[in-house]
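>>> kindly return the folded structure for what I paste below:
(2 chains)
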Amino acid sequence: MSLSPVEGAARAEMEPAADPVKPDEQGIVGRSPGQLAWARLRRDRTAMVSGVVLVLFVVLALAAPLISKLYGVGPNEQFQQLLDGNGMPLGYVGGITGDHWFGLEPRLGRDIFIRMIYGMRTSLFIAFAAALVTTAIGVAAGILAGFLGGIVDTVISWITDVALALPFLIFALAVVPTVGLRFYGPREEVPPAFQVTVLIGIFAAFGWTSTARLVRGQVISLREREFVEAARASGAGLGHMLFRQLLPNLWAPILVAFSLAVPSYITGEAALSFLGIGILEPTADFGRMIFQSIPYLQTDPAYVFFPGVTIFILVLAFNLLGDALRDALDPKSSR
Amino acid sequence: MSTETEPLLRVRGLTKHFPVREGFRAKGAVRAVDGVDFDVRPGETLGLVGESGCGKTTTGRMLVRLLEPTAGTIEFAGRDITHARRAQLRPLRQDLQIIFQDPYASLNPRHTVGRIVAMPLQVNGINPPGGIKKRVQELLELVGLNPEHYNRYPHEFSGGQRQRIGIARALALRPKLIVADEPVSALDVSIQAQVINLLRDLQRDLDLAFVFIAHDLAVVRHFCHRVAVMYLGTIVEIGDRDDIYTRPQHPYTRALLSAIPDVTTLGPAGRIRLTGDVPTPLNPPSGCRFRTRCWKAQERCATEEPALVTRDGGNQATACHFPESGPIGVVTSEPVEVP
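Coordinates of the predicted model:
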């Protein structure tokens, strides 16, 4: 996966249009709405820059073990000999040297650069997985509620309202440690994979509501369109109407919702880890890194600076790309 | 067009009520269509005219089973399809298709023209000889489009071309009857003529029957063999085109026809001006539904609902206690009671 999933999805949307017709017998080929959107996106410099930044981050995160090998430092390696008596890194700006590009953590003496790469991998994996799961649930719930209407709509909308009414943070604070205790005793170590699953589950339980509402509204407006009725008049079944007629018209809002959900999960995961209920030591993680760096704000600002700036760029790039995507997919909306 | 031919479509007492709720309580119903009877014979065109909100479109949608009728029966080729399920309808779907009013809403913007026209074939699992693509290109040619436009998208076509795509889609299953729901009212006048002529050529070549829903009386006169005039959910008059246009018997038909703009005569010569609005279909007037606006209304009109009856042994049936006689333009002021 050398592309970010967002762009992969954009490509996938255009694939049906790019018919594998041989050029010589091609004749007149129209440009699909997807191709037009792609062309608009290509012209948008912000979108291209943020896209490139994201691809770079994703490649870095995916290649974390490789980078670690090339860099020559592992994520949990400690360099106590490079710290002074108070546990602060020797040298300038948090101990930046040719061996340790972003310096060392105070006290533990781990390399910040390689921990950031690994932390990014954790963050991006959780964010993408959570966004995928929530989008899938949201689309399924929204499309069913919108198209079937009636009692199905009432029940799904009611569940959506309940999920929206639950306070996310309090729920997460209550559930995450409890679930950990339930499966692993108080003294046992909770494996990272389990923590990640619990986090994704928490995000999935709360995050699908906005997508569901968005899709439901879109479907309600599309449902009465005559092309859906034409399919029904031809004897099309529910599956054909949902997936062949409606879904192709929903890709644009779904894609935008997805691309805006990913950064919110990155910050959400960071916030939970910051509060100590996310990913635990020794797994590298963005949010916890920032949390741990706060006490050193005055003594070792470089420790706060690098993860902070990186997460800022990452989230900003995602949001800018999401906005650009929205503009490209819906040229009628104002810029 | 002999009357002995078995009708392709036989509609009896077709009714559609839309319930109106206030909270959980039912608060009456909008009687959009209230007991409509008509036949359509093979290869015939029945025009369904009337002003906005009279139930034309609702009737058309019930015919192709997009709406479930509240009461009444629809028989197609001798089979009752009023409440047939999807699986039962499947063979009939091929014979019964619809063309929509708005060519901008009736084509899926994310599908190529080829996919749109092939959709009825695909959902019915039909694989025509020579393949779906060949059949689609034949259809595009049939409706006067370039078959090479197969891979284009709807947004690249004009309104008239889009309507042709919609017609090609309706023709894909080789139907016997097409419900055309105001197929030209969203188009330019010059394009209207092209599309109407296309429909007429198709009708001649493919022996199609049409239920042609329109509010443009000139278009209906050009295209239809028979005409049914609807008012507030009921048919007030039905008959052969020439009878309806030259010797209308129902006062409403007369008023409607006199409203056709005529550029050859200036001024409101012979125009019948109806006063008031169409009553609400939530609570239609008792007796004759037109009586509130009819200049000939008598007490009997309020108490007794006129039946759609044939007079003078002709093909023309009128639902009126005091029908007009004589050619259009002459309005009898004195009510003449018909026994």
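>>> and the strands in the stretch 1-150 of chain B, which stretches?
Listed in chain order, the strands of the stretch 1-150 of chain B (DSSP state E, counting those that start in this stretch) span B:9-22, B:25-40, B:45-49, B:71-76, B:79-80, B:96-99.
>>> the shortest one close to chain A?
No: contact of strand B:79-80 with chain A (Cβ under 8 Å from any Cβ of the partner chain) is absent, the minimum separation being 15.6 Å. C-betas here are computed from N, CA, C, even on glycine.
>>> repeat that for the last one.
Yes: for strand B:96-99, a contact with chain A is found by Cβ under 8 Å from any Cβ, at B:97-98.
>>> so how far is that strand off the chain centroid?
Strand B:96-99 sits 12 Å away from the centroid of its parent chain (Cα atoms, centre = their mean, to the nearest Å).
>>> CA atoms of it as CSV?
Extracted in CSV, the C-alpha atoms of strand B:96-99 (Å, rounded to 0.1, in the frame of the first residue of the first chain):
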residue,chain,number,x,y,z
LEU,B,96,-44.8,-2.6,-19.0
GLN,B,97,-42.3,0.3,-18.8
ILE,B,98,-42.3,4.0,-17.9
ILE,B,99,-40.7,7.1,-19.3
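>>> re earlier: could the strands of the stretch 1-150 of chain B be laid out in CSV, adding mean pLDDT, mean neighbour count and distance to B:Asp201?
Formatted as CSV, those follow (pLDDT from 0 to 100; neighbours: other Cβ atoms under 10 Å in any protein chain shown; distance: least, Cβ to Cβ, whole Å):
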stretch, mean pLDDT, mean neighbour count, distance to B:Asp201
strand B:9-22, 88, 16, 22
strand B:25-40, 86, 18, 19
strand B:45-49, 92, 26, 13
strand B:71-76, 90, 18, 24
strand B:79-80, 85, 12, 29
strand B:96-99, 89, 27, 15
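>>> quick one, which of those strands gets closest to A:Ile277.
strand B:9-22 (46.9 Å; Cβ to Cβ).
>>> so that closest one versus strand B:25-40, what angle?
Relative orientation of strand B:9-22 versus strand B:25-40 (axes from the mean of the first three to the mean of the last three Cα atoms, to 10 degrees): 170 degrees.
>>> ok, B:Arg289 - how many residues close by?
For B:Arg289, the count of nearby residues is 26 (other Cβ atoms under 10 Å in any protein chain shown).
>>> mind listing what it touches?
B:231-234, B:236, B:279 (Cβ atoms under 8 Å, 6 or more residues apart in numbering or on different chains).
>>> name the nearest of these relative to B:Glu305.
For these, the nearest to B:Glu305 is B:Thr234 (8.7 Å; Cβ to Cβ).
>>> nearest residue to that closest one in space, ignoring adjacent ones along the chain?
B:Asp34 (5.5 Å; Cβ to Cβ, 6 or more residues apart in numbering or on different chains).
>>> again with B:Trp295
Distance criterion Cβ to Cβ, 6+ apart; nearest residue to B:Trp295, sequence neighbours excluded, is B:Pro251 at 6.9 Å.
>>> output the set of residues of the stretch 51-200 of chain B in proximity to chain A.
B:61, B:64-66, B:86, B:89-90, B:93, B:97-98, B:100-102, B:105-113, B:116, B:119-120, B:123-124, B:146, B:148-153, B:155-156, B:166, B:169, B:173.
>>> the bottom helix or strand of chain B by mean pLDDT?
Using mean pLDDT, DSSP states H and E, helix B:86-93 stands out as the lowest-scoring helix or strand of chain B, at a mean of 75.
>>> contacting residues around it?
A:233-235, A:237, B:65, B:76-77, B:79, B:81, B:84, B:120, B:124, B:173.
>>> and the residues you listed, which two are furthest apart?
A:Gly237 and B:Ala77, at 23.6 Å, using Cβ to Cβ across those.
>>> what subset of the contacts of helix B:86-93 is buried?
The neighbour-count test (16 or more other Cβ atoms under 10 Å in any protein chain shown) marks A:233-235, B:65, B:76-77, B:81, B:120, B:124, B:173 as buried among the contacts of helix B:86-93.
>>> nearest to A:Gly119 among these?
A:Ser234 (53.2 Å).
>>> let me know the pLDDT of that closest one.
What the model reports for A:Ser234 is a pLDDT of 84.
>>> now swap in B:Pro129 and tell me
pLDDT, B:Pro129: 83.
>>> look up phi and psi at it.
phi -60, psi 140 (degrees, to the nearest 10).
>>> helices - which of the buried ones among the contacts of helix B:86-93 land there?
Residues of these located in helices (DSSP state H): A:233, B:120.
>>> quick one: the buried ones among the contacts of helix B:86-93 as a markdown table, columns for distance to A:Thr178 too.
Output for the buried ones among the contacts of helix B:86-93, formatted as a markdown table (distance: Cβ to Cβ, whole Å):
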| residue | distance to A:Thr178 |
| --- | --- |
| A:Ala233 | 53 |
| A:Ser234 | 53 |
| A:Gly235 | 51 |
| B:Arg65 | 54 |
| B:Phe76 | 63 |
| B:Ala77 | 66 |
| B:Ile81 | 58 |
| B:Pro120 | 55 |
| B:Asn124 | 54 |
| B:Leu173 | 59 |
